[in-house]
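Enquirer: missing the sequence, but the structure's below:
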């Protein structure tokens, strides 16, 4: 998943991550929510998160194309979205489970 110890927004100071939760649909992980020391929440989606749920959170759709790495200069295909600030829990059909 990568190292997300802190976020570096374009404007303002960095924000330390103090909690991570898996976002699940039934028993399948479809994304993550990060809680920061400043009390902000950021959502991140996997390609298997339903498009309607990605729109509810304001997340740009995740496009997973295994051929992407072979036809571009990137070493790996895109597997999850960028981080999106969320102010309230946007989903009705998804749940969060704290990561150990």
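Expert: Happy to help now that I have it. Here the structure is a predicted model, which means the values were calculated and not measured.
Enquirer: so how many other residues sit close to residue 30?
Expert: Neighbour count of residue 30, defined by other CB atoms under 10 Å: 21. No exception for glycine: its C-beta is placed from N, CA and C like everyone else's.
Enquirer: Over to residue 83?
Expert: Residue 83 has 16 neighbouring residues, counting by other CB under 10 Å.
Enquirer: Residue 15 versus that one, what's the distance?
Expert: 10 Å (CB to CB, to the nearest Å).
Enquirer: Equivalent analysis for residue 29, please.
Expert: 23 Å.
Enquirer: More neighbours: which of those two?
Expert: It is residue 15, of residue 29 and residue 15, that has more neighbours when counted by other CB under 10 Å, with 18 against 14.
Enquirer: Run through the bridge partners of the more buried one.
Expert: Residue 15 has these beta-bridge partners by DSSP bridges: residue 7.
Enquirer: partners of residue 23 in the sheet?
Expert: Going by DSSP bridges, residue 23 forms beta bridges with residue 31, residue 96.
Enquirer: Quick one, grab the pLDDT at the residue nearest the centre of the chain.
Expert: Central residue of the chain (CA atoms, centre = their mean): residue 44, 0.7 Å from the mean position. As predicted, residue 44 sits at a pLDDT of 92.
Enquirer: try the one 3 residues further on
Expert: At residue 47 the predicted local confidence, pLDDT, stands at 85.
Enquirer: Settle this for me: it is touching residue 54, isn't it.
Expert: No. Using CB atoms under 8 Å, residue 47 makes no contact with residue 54, being 9.6 Å away.
Enquirer: Overlap of the contact sets of these two?
Expert: In terms of CB atoms under 8 Å, 6 or more residues apart in numbering, residue 47 and residue 54 are both contacted by the residues residue 62.
Enquirer: between these two, who's got more neighbours?
Expert: A direct count of neighbours by other CB under 10 Å for residue 47 and residue 54 places residue 54 higher, at 23 against 18.
Enquirer: how near is the more buried one to residue 15?
Expert: Distance from residue 54 to residue 15, by CB to CB: 22 Å.
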